[in-house]
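A.B. asks: Structure for the following, please:
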Amino acid sequence: MASVAGYFAGAVALLGTLWKVLMDRGRRCDPALHYGYACGALIGAGMAVSAPATAPALAAVVPDPSHLTLVADQLKVAASGALAMMAYSTWPAATARRAVRWQTVLTAATVVSSIAAFVAAAPVREGSAIGVSGAGRPILAAYVALFAVHTAWCLAVFGFLIGRCARCLPPGVLRLGLRLMALSALAGLLWTADNLHDLANILAAGRENGAESRVSAVAGAVCVTLGFAGATASAWADWAGRVRAWHDHRRLGPLWSAMRAALPEIELVTSERLFGGGRGRGRADVRFALYRRIIEIRDGQLTLRPHLHPAVPLWVGEFSGPAGAEELAAVVEAAAIAAALEAARAGYRFPVGPGGGCVPHPVAADVHEEAAWLVKVAAAYTGSPAVAHVRGRVRRELGRAAARR
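C.D. replies: Prediction:
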């Protein structure tokens, strides 16, 4: 369990960092991003090295397994230092530079002191644990204390500064991402608290669990996952927006196809494919295609106004059972479109003109709201019995009108 959690956290950190680097190519150089990349790479490597299964796997390469503990701990120290530097980058430039220099000195001193204490303690690996003699206990305890204090300080700085930035932002994806990162710092403090258990074991029995314990590994995995979820929140939101636009575009398809078949002039572009008609296009066109489809449907509704039957709302009300106001409005709008399309195909215009109930339902001036409403209308157009009833009634009425001519 501890190895799985450790390797999972390491994979999330390393692959997430690589993905973030690739996403940020060509953007403005930001020191906070560089510190974030360094933190992700270092913590990922540290989690992988400290997993219990790593020592047996590298036994032929690293003769003294205790060295893996030292390497993993110092990778984590450097990662926590980079995390604090990333938080300091939210300050004004001059103040941030001073704070980063101070943090660099503190982290370097911690690494040097920790290595010296570890070498002086001369621990011996005993399975997955590290043991020291009586004289080495306080030295190894000092080593663990240095690691815990430095890491806790950096996590506290990061959580406080990033949390303060989140409170200053309006609700949105950026605020959510910063809050997730602040929560990752809290999980990191719980992860670091496991060192208190190691300290007690060293002082009492001269033994430390050299690899990640189950609790520590799980806390580390939660910390890393929350951190990278927050750091990449804008990318996930963008991806989710593309998926939603693609889904809405497809759901509007039957309604749009019916209107385009009767009114081919509503299609704005016909000479290129919807999703990626040219070089450099592709996924970026998904939301534009949805926007275009909404415009074309609305243009079709305007074109169909002379063909709207004034009795459609009455017919829908007679046929439909009890329904909510919004659901009924969607059915009425879909039925009005269906009836108007039948009249347009027959070349028939109603001299009375559309009634007030045929006016499209008012929607907020927002693409998402517009798409959500038209998806309801499209669903009613294809699946509502009331719409089918209105369509059939208009056909019969138009047939009788044609017979009288």
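A.B. asks: Nearest the geometric middle of the protein, what residue?
C.D. replies: The centroid of the chain falls nearest to residue 236 when counting by C-alpha atoms, centre = their mean (2.8 Å).
A.B. asks: so it, which of the three states?
C.D. replies: helix (DSSP: H, G, I helix; E, B strand; the rest coil).
A.B. asks: Quick check: closest non-adjacent residue to it.
C.D. replies: residue 229 (7.5 Å; C-beta to C-beta, 6 or more residues apart in numbering). Heads up, the C-betas are built off the backbone N, CA and C, glycines and all.
A.B. asks: The one you found - how many residues pack around it?
C.D. replies: Other residues near residue 229 number 18, with proximity taken as other C-beta atoms under 10 Å.
A.B. asks: you'd agree it is in a helix?
C.D. replies: Yes: according to three-state DSSP, residue 229 belongs to a helix.
A.B. asks: Surely the residue nearest to the centre of the chain and residue 230 touch.
C.D. replies: No: contact criterion C-beta atoms under 8 Å: residue 236 and residue 230 do not qualify, at 10.0 Å.
A.B. asks: All the strands of the stretch 201-350 of the chain, in order from the start?
C.D. replies: Counting by DSSP state E, counting those that start in this stretch, one finds strands in the stretch 201-350 of the chain at the ranges 207-209.
A.B. asks: In it, where is pLDDT below threshold?
C.D. replies: 209-213, 269-284, 320-323 (pLDDT under 70).
A.B. asks: Helices of that one, start to end?
C.D. replies: Applying DSSP state H, counting those that start in this stretch to the stretch 201-350 of the chain gives helices spanning 214-231, 233-251, 253-262, 285-303, 312-319, 325-346.
A.B. asks: To residue 180, which of those helices lies closest?
C.D. replies: Taking C-beta to C-beta, helix 214-231 is the member of these nearest to residue 180, at 3.2 Å.
A.B. asks: For the closest one, buried residues please.
C.D. replies: For helix 214-231, the neighbour count (16 or more other C-beta atoms under 10 Å) marks 216-231 as buried.
A.B. asks: Please apply the same query to stretch 365-376.
C.D. replies: By 16+ other C-beta under 10 Å, the buried positions in stretch 365-376 come out as 370, 371, 373, 374, 375, 376.
A.B. asks: Correct me if wrong: the fifth one contacts residue 252.
C.D. replies: Yes: under the criterion of C-beta under 8 Å, residue 375 is in contact with residue 252, at a separation of 6.4 Å.
A.B. asks: hmm, back to that, of the helices of the stretch 201-350 of the chain, which is nearest residue 85?
C.D. replies: helix 214-231 (14.7 Å).
A.B. asks: Packing partners of the closest one?
C.D. replies: helix 2-23, helix 31-50, helix 173-205 (3 or more C-beta pairs under 8 Å, 6 or more residues apart in numbering; DSSP states H and E).
A.B. asks: hey, which of the ones you listed is tucked in deepest?
C.D. replies: Mean neighbour counts were taken over the helices and strands packed on helix 214-231 using mean count of other C-beta atoms under 10 Å, and the top value, a mean of 22, falls to helix 31-50.
A.B. asks: Tell me which other helices or strands it touches.
C.D. replies: Packed against helix 31-50 by the contact rule (3+ C-beta pairs under 8 Å, 6+ apart) you find helix 2-23, helix 66-88, helix 214-231.
A.B. asks: Lowest average confidence across the ones you listed, which one?
C.D. replies: Ranked by mean pLDDT, the helices and strands packed on helix 31-50 end with helix 2-23 at the bottom, a mean of 76.
A.B. asks: Can you report phi and psi for residue 131?
C.D. replies: For residue 131, the backbone dihedrals (degrees, to the nearest 10) come out as phi -120, psi 150.
A.B. asks: who does it bridge with?
C.D. replies: residue 124, residue 207 (DSSP bridges).
A.B. asks: What's the separation between it and residue 69?
C.D. replies: Applying C-beta to C-beta, to the nearest Å, the value for residue 131 to residue 69 is 12 Å.
A.B. asks: so what's in contact with the two at the same time?
C.D. replies: Listed contacts common to residue 131 and residue 69 are 123, 125; contacts here mean C-beta atoms under 8 Å, 6 or more residues apart in numbering.
A.B. asks: More neighbours: these two, which one.
C.D. replies: More neighbours surround residue 69 than the other of residue 131 and residue 69, with 24 against 19 (other C-beta under 10 Å).
A.B. asks: Tell me if I'm right that residue 198 and residue 147 touch.
C.D. replies: No: contact criterion C-beta under 8 Å: residue 198 and residue 147 do not qualify, at 9.3 Å.
A.B. asks: thinking again about what came up before, can I get the helices of the stretch 201-350 of the chain in a markdown table including distance to residue 185?
C.D. replies: Below are the helices of the stretch 201-350 of the chain laid out as a markdown table (distance: least, C-beta to C-beta, whole Å):
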| stretch | distance to residue 185 |
| --- | --- |
| helix 214-231 | 8 |
| helix 233-251 | 15 |
| helix 253-262 | 46 |
| helix 285-303 | 34 |
| helix 312-319 | 56 |
| helix 325-346 | 43 |
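A.B. asks: Tell me which of the helices and strands packed on helix 31-50 sits nearest to residue 206.
C.D. replies: Residue 206 sits nearest to helix 66-88 of all the helices and strands packed on helix 31-50, at 13.5 Å, using C-beta to C-beta.
A.B. asks: Can you give the distance from that closest one to the centre of its chain?
C.D. replies: Relative to the centre of its chain, helix 66-88 is centred 26 Å away, using C-alpha atoms, centre = their mean, to the nearest Å.
A.B. asks: Flag every buried residue along it.
C.D. replies: Buried residues in helix 66-88, defined by neighbour count with 16+ other C-beta under 10 Å: 66, 68-70, 72-88.
A.B. asks: Quick one: residues contacting residue 265.
C.D. replies: The contact partners of residue 265, by C-beta under 8 Å, 6+ apart, come to residue 303.
A.B. asks: again, but for residue 88
C.D. replies: The neighbourhood of residue 88, defined by C-beta under 8 Å, 6+ apart, consists of 96, 99, 100, 103, 157, 161.
A.B. asks: Narrow these to those in strands?
C.D. replies: Among the contacts of residue 88, no member falls in strands (criterion: DSSP state E).
A.B. asks: Residue 308: which of the residues you listed is nearest?
C.D. replies: Comparing these against residue 308 with C-beta to C-beta places residue 161 closest, at 59.2 Å.
A.B. asks: Contact partners for the residue nearest to the closest one when sequence neighbours are not counted?
C.D. replies: Of all residues not flanking residue 161 in the chain, residue 87 sits nearest, at 4.1 Å (C-beta to C-beta, 6+ apart). Going by C-beta under 8 Å, 6+ apart, residue 87 touches 157, 158, 160, 161, 162.
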